[in-house]
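Undergrad: got a predicted structure here, sequence first:
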Amino acid sequence: MDFIIPERRKERVDRGIKVRTEGIYAISSLEEVTYLVFPRLVLIMGILLLPILMPSLYWKRVISIACIYSLLALGFDFLAHFVGLVSLGGAFFIGVGGYTAAILNKSFGLPIVLTIPLATVLGALICTLLLLPALPLRGVYFAIVTLMYPLALMRIIEALNILGGTDGILGVAGFPNRWVEQYLIIFILIFVLFGLRRFVNEDIGLVFRGVKDNDQAVRASGINITFYKALAVFIASGLGSLGGAYLSHIYMWSGISQFALDFSVIPIAATVIGGGGTLVGPLLGCFFLVPISEWLREFGTLRIVFYSLILMMFIMFRSEGFMVYAQRKYHQFERWVKV
Amino acid sequence: MREEILLQIVNVCKSFGGVQAVLNVSFDVRKGEVFGIIGPNGSGKTTLINCITGFIKMDSGKIVYRGQDISYLSAHKIADLGITRTFQIMRPYYSLPAYKNLIVPLFSPRARRTGGWRGGGKLGDRDTVSIDILEEIGFERDSFVPYKLASSLPTGYLKRLELARCLALRPDIILCDEVFSGLSMSEIASMVPLIEKLQMDGITLVMIEHRLRELFRVANRVMVMNFGEKLTEGTPEEVMEDERVKEAYLGSEKLLDYTFEA
């Protein structure tokens, strides 16, 4: 047996900047402020500039769709990595939100400024109530229940020919112009991203993370875990419903294709690529995956092959996800040390 | 010793399939005492605690706390009444620092009402309260220990963290499931005064223990269980003299055969 004894190994050192100390924001120099603000600024400016940089109307629409997927992915990441509920309910949330907005607009004649917030809250309520029986379940069991709902609802609408049946609800009001359409969702997305990031580090967010880490200990602490799980599902399904409502108004139509499994699967793929538990990662993952899947349309039926290849590469070579990798590179530097 | 009965357990039964884990166990816990529960492995001690705290639904029986029937309440409601428990296998939130672990119990309705341990009904900043509690329980305030991730803490600190989680609720009773197990002799030596301190603070303790010597030092009364049934109950001295207890622990001929077969 001939072992090669390594002469040197890689050592990771945290960058010695005080602002990284948790909870204490001791900003003392321009360098430190830049260190903190720069990545956030790049992200915000990048998202804000995207619609202007996009060449055609078609690609501008893709950006809006990517934003909707990002909302779903944020909800998925929040549920999976901060509450411990793996949800495949993206399609469910989008569908319920989409139909609610369409019904509110067509049947009750509410304007778009009311339908979107109302559909967000109502959709979240409906989803939470329907998922209430599944809340004691964890992991893959919860995932299965959330996956069944959109499939079942799609077939119910089809079979009973309610809510427009297979044609869907046509003639939903659109946005006044495409700048409003694009920038409203972008601002909502940025707000949700930074809001959620703050939320999970607040005291109430720690309760959610406690439920994920050890739900029995949370019960022993005199906290009703079912309530907090329901609240978490409410938040995540609210994000999904918001996306669904937005989708209905973008396409001025709501139909059973809003229960399509794409809405459940792409957020998960985006979370894997972007890095779970970072919240920013899934968002970047969506902005990577959604345009790529559009761009691959040129390859016709081979599209799915390339798409799967990209996903497989990521899972094999960067399974931690892009953001986890990037954050490590940004916050730590590596050096070789002699053993 | 005041004789006021705080917690009354009447004829609790629980079976898992064909195994009778707890059978007709009754006892009273008096206010301010340390009540020990001992017994060989598999005698149903932990199941009993799980039944009392609502983590397992018991088959039959009754649990009365300050005259209120709490038999079939859910776990968080029982904890909300002030009956807290530690887990034998520690259940910290591994991804959080030690002091952030206490934010969760401090966020509970009970902690908000009572203000946490020593709190005067008003809960201050949770981080501060949490560090205060940790210091009282043996985490040095100025060291790194309270700020380390729970996953990097040794067993001794995790056991203390379990107790701290109970204390954050300002409990009336703590049911301790083997706080001494897995600790080194010196860690146990520092744990005993802590238990005495809790008792002096007016907290009633129910302790499941295998470390009889340490338990008998702190316990006022002890109950012995064997095969899910209550064997006897009394002061540590009385229990130690009891023939049946010696038999259960050391095993008579018959009992020895039985355990070897199993």
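TA: It's in.

Undergrad: list the buried ones in stretch A:254-268?
TA: Buried residues in stretch A:254-268, counted by 16 or more other C-beta atoms under 10 Å in any protein chain shown: A:Ser254, A:Gly255, A:Ile256, A:Ser257, A:Gln258, A:Phe259, A:Ala260, A:Phe263, A:Ser264, A:Ile266, A:Pro267, A:Ile268. The C-beta positions use only the backbone N, C-alpha and C, and glycine is treated the same way.

Undergrad: what does stretch A:225-235 give?
TA: Residues A:Ile225, A:Tyr228, A:Lys229, A:Ala230, A:Ala232, A:Val233, A:Phe234, A:Ile235 are the ones in stretch A:225-235 that count as buried (16+ other C-beta under 10 Å).

Undergrad: let me know the closest of those to chain B.
TA: Distances from chain B to these, taken as C-beta to the nearest C-beta, are shortest for A:Ile225 (7.2 Å).

Undergrad: now stretch A:322-337: mean pLDDT?
TA: In this model, stretch A:322-337 has an average pLDDT of 84.

Undergrad: repeat for stretch B:8-18
TA: When pLDDT is averaged along stretch B:8-18, the result is 91.

Undergrad: same check on stretch A:10-22?
TA: The average pLDDT within stretch A:10-22 is 63.

Undergrad: show me which residues of the stretch 101-250 of chain A sit near chain B.
TA: Within the stretch 101-250 of chain A, the positions adjacent to chain B are A:203-204, A:206-207, A:209-210, A:213-214, A:216-225 by C-beta under 8 Å from any C-beta of the partner chain.

Undergrad: apart from its chain neighbours, what residue comes closest to the residue minimising distance to the centre of chain B?
TA: The C-alpha lying nearest the average C-alpha coordinate of chain B belongs to B:Cys176 (C-alpha atoms, centre = their mean; 1.5 Å). Residue nearest to B:Cys176 in three dimensions, not counting chain neighbours: B:Met207, with 4.7 Å by C-beta to C-beta, 6 or more residues apart in numbering or on different chains.

Undergrad: what do you get for A:Ile68?
TA: According to C-beta to C-beta, 6+ apart, the nearest residue to A:Ile68 is A:Gly243 (4.0 Å).

Undergrad: report how many residues lie close to the one you found.
TA: By other C-beta atoms under 10 Å in any protein chain shown, 33 other residues sit near A:Gly243.

Undergrad: over to the one 3 residues further on?
TA: Here the number of neighbours of A:Tyr246 (other C-beta under 10 Å) works out to 28.

Undergrad: still on that earlier bit, give me the contact list for the helix or strand where the residue nearest to B:Cys176 lies.
TA: Per DSSP states H and E, B:Met207 falls inside strand B:204-208. Contact with strand B:204-208 is made by B:6-7, B:29-38, B:45-46, B:49, B:88, B:172-179, B:195, B:198-199, B:215, B:218-219, as judged by C-beta atoms under 8 Å, 6 or more residues apart in numbering or on different chains.

Undergrad: list only buried entries from those residues.
TA: With burial judged by 16+ other C-beta under 10 Å, the buried subset of those is B:6-7, B:29-38, B:45-46, B:49, B:88, B:172-179, B:195, B:198-199, B:215, B:218-219.

Undergrad: out of the residues you listed, which sit inside helices?
TA: Members of the buried ones among the contacts of strand B:204-208 lying in helices (criterion: DSSP state H): B:Lys45, B:Thr46, B:Ile49, B:Ile195, B:Leu198, B:Gln199, B:Leu215, B:Val218.

Undergrad: how much distance is there from the helix or strand hosting A:Ala101 to the middle of the chain?
TA: Per DSSP H and E, A:Ala101 falls inside helix A:90-106. Here the centre of helix A:90-106 is set off from its chain's centre by 18 Å, with C-alpha atoms, centre = their mean, to the nearest Å.

Undergrad: what packs against that helix?
TA: Helices and strands touching helix A:90-106, by 3 or more C-beta pairs under 8 Å, 6 or more residues apart in numbering or on different chains; DSSP states H and E, are helix A:57-78, helix A:112-131, helix A:139-160, strand A:169-170, helix A:225-251, strand A:253-254, helix A:262-274.

Undergrad: before we move on, which element is A:Leu196 in?
TA: Assessed by DSSP H and E, A:Leu196 sits inside helix A:178-199.

Undergrad: helices or strands up against that helix?
TA: Against helix A:178-199 (3+ C-beta pairs under 8 Å, 6+ apart) you get helix A:30-53, helix A:57-78, helix A:225-251, helix A:280-295.

Undergrad: taking the mean pLDDT, what do you get for that helix?
TA: Averaged over helix A:178-199, pLDDT sits at 93.

Undergrad: just after that helix, pick out the following helix or strand.
TA: Moving toward the C-terminus from helix A:178-199, the next helix or strand (DSSP H and E) is helix A:203-220.

Undergrad: touching that next one from outside, list them.
TA: A:81-84, A:138, A:199-200, A:221, A:223, A:225, A:228-229, A:232, B:53, B:55, B:74-76, B:79, B:84-85, B:87, B:91-96, B:100, B:103-104, B:106-107, B:126, B:165-166.

Undergrad: distance-wise, check the closest residue to A:Ile126 other than its chain neighbours relative to B:Ala79.
TA: Excluding the flanking residues, the one nearest A:Ile126 by C-beta to C-beta, 6+ apart is A:Val96, at 5.3 Å. Counting by C-beta to C-beta, to the nearest Å, the separation of A:Val96 from B:Ala79 is 35 Å.

Undergrad: ok, now B:Ser186?
TA: Look at B:Ser186 and B:Ala79: by C-beta to C-beta, they are 32 Å apart.

Undergrad: more crowded one of those two?
TA: B:Ala79 (27 against 9).

Undergrad: what's the helix holding A:Leu196 in contact with?
TA: In contact with helix A:178-199 (C-beta under 8 Å, 6+ apart) are residues A:44, A:47-48, A:50-51, A:57, A:60, A:63-64, A:67-68, A:70-71, A:74, A:78, A:174-175, A:205, A:239, A:242, A:246, A:249-250, A:279-280, A:283.

Undergrad: mark which of those residues are buried, thanks.
TA: So, by 16+ other C-beta under 10 Å, the buried ones in the contacts of helix A:178-199 are A:47, A:50-51, A:60, A:63-64, A:67-68, A:70-71, A:74, A:78, A:175, A:205, A:239, A:242, A:246, A:249-250, A:279-280, A:283.

Undergrad: stretch B:45-63: end-to-end distance?
TA: End-to-end distance for stretch B:45-63: 16 Å, by C-alpha to C-alpha, to the nearest Å.

Undergrad: buried stuff in it?
TA: Buried residues in stretch B:45-63, counted by 16+ other C-beta under 10 Å: B:45-56, B:58, B:61, B:63.

Undergrad: tell me the contacts of the residue nearest the centre of chain A?
TA: Chain A has A:Ala73 as the residue nearest its centroid, 1.7 Å off, counting by C-alpha atoms, centre = their mean. Taking C-beta under 8 Å, 6+ apart, we find A:Ala73 in contact with A:Ile266, A:Pro267, A:Ala270, A:Thr271, A:Gly274, A:Pro282, A:Leu283, A:Gly285, A:Cys286.
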